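Colleague: dropping the sequence and predicted coords here.
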Amino acid sequence: QLEEQLRKAEGKTGRKALSESDYMEVLERSCSQGWDSYGVLELDGEKRLSGPGMLRQEPMSVMVTGGPWPTRLSKMCHGYVGEQGEAQIYRAHQRGPAALRELLCHGEKGACTGGKAGGPAPAKATQNEL
């Protein structure tokens, strides 16, 4: 959603790059948008998040929208913006969709546990007990 909203804003202004105030506004608006078209569906026994911008799912799958997901996704979006910062997110967007996905999903504070796309989850470090 962030990528799509930034791209649309650039198209509306007719400029290659948005001003700082413009991209900050777009990111805030993107996170505050309605996330009601997102939900969870079960595919091959696994529950998956589904909605605009997500990987395409089987057309005959049943998706349950609403519930806690719109609020969770909005909070997650605001969390990305707060942790990464608007400028870093916009610079990644300018490098391309893959760079933005890498920053948000696999970066230092990314939400994906697999390290690199499709890779195994990194082993958890053991902690010494007192």
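Modeller: Received, thanks. Only a predicted model underlies this, so the values are computations on that prediction, with no experimental measurement involved. Numbering: from 1, shown residues only.
Colleague: and Leu43, bridged to which residues?
Modeller: With beta bridges defined as DSSP bridges, Leu43 has these partners: Glu46.
Colleague: ok, it to Arg101 distance?
Modeller: From Leu43 across to Arg101, the span is 21 Å (Cβ to Cβ, to the nearest Å). In short, each C-beta sits where N, CA and C put it, glycine included.
Colleague: of the two, which one has the most company?
Modeller: Comparing Leu43 with Arg101 by other Cβ atoms under 10 Å, the one with more neighbours is Arg101, at 17 against 14.
Colleague: pull the host helix or strand of Tyr23 out as CSV, backbone CA atoms only.
Modeller: Per DSSP states H and E: Tyr23 is located in helix 20-32. The C-alpha coordinates for helix 20-32 follow below in CSV (Å, rounded to 0.1, in the frame of the first residue of the first chain):
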residue,chain,number,x,y,z
GLU,A,20,9.5,16.0,2.1
SER,A,21,6.1,17.4,3.2
ASP,A,22,4.4,15.6,0.4
TYR,A,23,5.8,12.1,1.0
MET,A,24,5.3,12.5,4.8
GLU,A,25,1.6,13.3,4.1
VAL,A,26,1.2,10.4,1.7
LEU,A,27,2.7,7.9,4.2
GLU,A,28,0.5,9.2,7.1
ARG,A,29,-2.6,9.0,4.9
SER,A,30,-1.6,5.5,3.6
CYS,A,31,-1.3,4.1,7.2
SER,A,32,-4.6,5.8,8.3
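Colleague: which residues touch it?
Modeller: Around helix 20-32, the neighbours that count as contacts under Cβ atoms under 8 Å, 6 or more residues apart in numbering are 1-2, 5-6, 9, 13, 18, 74, 77-78, 80-81, 86-87, 89-90.
Colleague: before we move on, what about stretch 70-83?
Modeller: 1-2, 27-28, 30-36, 38, 89, 104, 109, 111.
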